[in-house]
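J.: Provided below for reference: sequence and predicted model.
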Amino acid sequence: MSKAIVQDEQGGPEVMQWRDQPLAAPGEGEVTLRHTAIGLNFIDVYVRKGAYPMMTLPGTPGMEAAGVVEAVGPGVRDLVVGQRVAYVMTAPGAYSERRNVPADRMVPLPDDIDDRTAAALMLKGMTAERLLHRTDRAVAGDTVLIHAAAGGVGSLMTRWAKALGCTVIGTVGSDDKASIVRDAGADHVIVGSRENIAERVADITGGKGCRLVYDGVGKDTFEASIQSVARFGHLISFGNASGPVPPVNIAVLSPKCIALSRPQIFPYIADRADLLATAGNLFAAIRKGIVKAEIRDTFPLADAAEAHRQLENRRTTGQLVLLP
Ligand SMILES: NC(=O)c1ccc[n+]([C@@H]2O[C@H](COP(=O)([O-])OP(=O)(O)OC[C@H]3O[C@@H](n4cnc5c(N)ncnc54)[C@H](OP(=O)(O)O)[C@@H]3O)[C@@H](O)[C@H]2O)c1
């Protein structure tokens, strides 16, 4: 038996119930994990609502966690009982005390990466790593615009882009978040609730715009993002916290010859070698102090609904962790 957050239907935070769930012995290629820390992601909100149809009902949300191997199923050779691991998976289910997971999606945790940091950063940190190094390559001298720069992914991208030598412009939804983005190293902060983002970017860049625009906000910022990209620049739309971006007429890319991408982390880490390499890059960046977990709030796993309310209502900064 394991306690877990379970939803019988899609909807608001109130559909998430804390209850007992049966747990079988691990099957072929699986291990049983006892979660020690679980990362909260905006994608969990999309999954809870059904905007991303990744969970069958009744189901348990959550794509990212750290834990300890409690039991090893047949055919598993690389993991042993007691080993610390962390993971990101497309199959939801992380909002649980225990679960069975495929051994080949587990990343062994080095001694110097603690469980809360791993749970906070596996999904968001590997996303930041791939967006800055693979979707496009951010390099010294680039001017980059990062929306929701005080948020989970945004604060990591701000720090990482600064470490790469970029000039960083971060947007935030309210004044109280601006100092967090400045502390993360941003050169300029735009408060979207009272400033025109595209006009401010034009002022800051002398009308040139940004070579790279990272937009995880979606519907509300897409237009400003298009306006803020430099000639031959790249708009990387990687999320939709404010709602999905409406269908785009690709002709809008033509006047400035800009590229538009809509990446997600999972294809980048689908192969085990890529997963381990990307996680290794993230761990190295944590060790060097390039990025760090900024866990300002933890919630008991049973109170996941309250954590969702705060995330959806734009009341959080950095990363949130649920504790079983
Ligand atoms: N493509 C991928 O593989 C991938 C992976 C991870 C995350 N993501 C995406 O990255 C984005 C950030 O994820 P996260 O987990 O780190 O969340 P987060 O940034 O901590 O939270 C979302 C932030 O979006 C901003 N926002 C703007 N309009 C909003 C609205 N109407 N409702 C709610 N929030 C709004 C808020 O910041 P302000 O108040 O400062 O504007 C809010 O704090 C999400 O869109 C997520 O889906 C994508």
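T.: Okay, I see it. Given the structure is predicted, the values throughout are model-derived calculations rather than measurements.
J.: contacting residues around the residue sitting furthest away from the middle of the chain?
T.: Using Cα atoms, centre = their mean, the residue of the chain lying farthest from its centre is Pro74. It sits 32.3 Å away. Pro74 makes contact with 27-29, according to Cβ atoms under 8 Å, 6 or more residues apart in numbering. C-betas here are computed from N, CA, C, even on glycine.
J.: Out of those residues, flag the one nearest to the ligand.
T.: Gly29 (25.2 Å; Cβ to the nearest ligand atom).
J.: And the spatially closest residue to the closest one that is not a sequence neighbour, how close does it get to Leu275?
T.: Using Cβ to Cβ, 6 or more residues apart in numbering and skipping the chain neighbours, the partner closest in space to Gly29 is Gly75 (5.1 Å). When Cβ to Cβ, to the nearest Å is the yardstick, Gly75 and Leu275 sit 19 Å from each other.
J.: who has more neighbours, the two?
T.: Leu275 (20 against 10; other Cβ atoms under 10 Å).
J.: Report pLDDT for that one.
T.: Looking at Leu275, its pLDDT reads 98.
J.: hang on, the earlier thing: so the residue farthest from the centre of the chain, which of the three states?
T.: coil (DSSP: H, G, I helix; E, B strand; the rest coil).
J.: pretty sure Arg84 contacts Met106?
T.: No - counting by Cβ atoms under 8 Å, Met106 is not a contact partner of Arg84; they are 9.8 Å apart.
J.: Pretty sure Glu70 is one of the things Thr36 touches, is it not?
T.: No - the pair Thr36 and Glu70 fails to qualify as a contact (Cβ under 8 Å) at a distance of 11.2 Å.
J.: Around the residue of the stretch 201-324 of the chain found nearest the ligand, count how many other residues there are.
T.: The ligand sits closest to Gly239 of the stretch 201-324 of the chain, with a gap of 2.1 Å, by Cβ to the nearest ligand atom. By the measure other Cβ under 10 Å, the count of residues near Gly239 is 25.
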